[in-house]
Structures are given as C-alpha cells and as structure tokens.
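Okay, predicted coordinates and the sequence, questions at the end:
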Amino acid sequence: MKKQILFLNLMLTSLIIIGQSMVQIEKFYGSDASTYDWLGISSSISGDWAIVGAPNETGQTNSGAVYIFHKENDTWSETQKIFASSSTEITWFGYSVKIKGNWAIVGAVDWDNQSKGAAYVFYNNNGTWEETAMLLAGDGEDGDFFGRSVSIFGNYAIVGAYGDDDGGL
C-alpha cells in the first residue's frame, strides 16, 4: 500500500508518540512559504533543532530553500531560512534534509538543471547555520539525482544518487 502526502498549507505537525497513539502538540509554518513550495517534503529533527525542506520555494527562481526551527522554552520558532549558495533555476534545494547535532546536510537533486544533483553541508555556529561545503559526485552524470537522500553524523556524510547507472552511492 503506497501513501502519498501533500502539504498544501505549508504546515508540519509535531507529534508525540504515546504507546500506539500519537498526539499533535504543535504545527510548524514557514514565515513566507506559499502553497506550492512543497514545505515539508523533507524534514529532520535533532535535539532542539529541526530542518524542513521546501524544494519548490520561489524566492530564488524556484531554486528551493530550507527552514530552520529551534525549540526554546517548549516553543518551536523559525530562526533561519537558507538558500543554496550556488544554484540555478529549479535546483530543488531541500528535496532531502538531515540534521544531527550541529551538522546538517541538504540535497539539491536538480542542481545543474540536468539532474546531476548536489548536497550542501551546514554547521551551527552559535545559532546561525553556515554553509561549510558543497558536495558533487566525482563521476556525476545527467539523471543521477545526487542528493535524493542524505545523512550526516559527525565528520561523515552519505549522499544517495538513485539515478546513478553504476548503482552506487
């Protein structure tokens, strides 16, 4: 059974899992998000930080964006909106996101408009998330979709490229 979810009102719901039931405790909204930004297509949480992708965000020619939320005194609030430093039209920055501790990684599956893709690494510098690296596949080709899935832990990152004809990551 395949489920498809569409976030039309650009909201995310924070849930607490209690036993086998879930209780909604808060909704997240992008400060300037609009209906078709795809806010929430990707999301990740680590401690008091959450990162949410909006790959169809139109602020920079449909290049995408991510929203950073921070929890303080039991209240979540948006603290930063991030765009890719090097992007082209329709980059889909934010298609995948992962946050772990002070590190975050963001996938941009259509970085070059030919779906080679890219991933961007960010570090939390006293509450401000700063880009530290842009990752490209060494053997990247059109249609690889590098950045379709991302993960990060300490000094290690892994980036998926499901369209890679070599079958690699």
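On my side now, so go ahead. Remember, it's a predicted structure, so these values are computed and weren't measured experimentally.

Quickly note the distance from the spatially most central residue of the chain to Asp142.
Geometric centre of the chain, nearest residue: Val97, 3.1 Å, by CA atoms, centre = their mean. Taking CB to CB, to the nearest Å as the criterion, Val97 is separated from Asp142 by 24 Å. C-betas here are computed from N, CA, C, even on glycine.

And Ala54, by the same measure?
Ala54 sits 25 Å away from Asp142 when distances are taken as CB to CB.

repeat for Tyr67
Between Tyr67 and Asp142 the distance is 29 Å, computed by CB to CB.

Next, count neighbours for Gly127.
For Gly127, the neighbour count with other CB atoms under 10 Å is 10.

err, Asp32, not the other one
Other residues close to Asp32 by other CB under 10 Å number 15.

Let me know the secondary structure of it.
Three-state assignment for Asp32 (DSSP: H, G, I helix; E, B strand; the rest coil): coil.

sorry, back to before: among Ala54 and Asp142, which residue is more densely surrounded?
Here Ala54 and Asp142 are compared on neighbour count by other CB under 10 Å; more neighbours surround Ala54, at 30 against 12.

Identify the residues contacting that one.
For Ala54, the contacting residues are 10, 30, 33, 37-41, 64-67, 94, taking CB atoms under 8 Å, 6 or more residues apart in numbering as the criterion.

let's go with 7 Å and repeat that
Ala54 makes contact with 30, 33, 37-39, 64-67, 94 under the criterion CB atoms under 7 Å, 6 or more residues apart in numbering.

Confidence-wise, which of those residues comes last?
On pLDDT alone, Ala33 ranks lowest of the contacts of Ala54, at 71.
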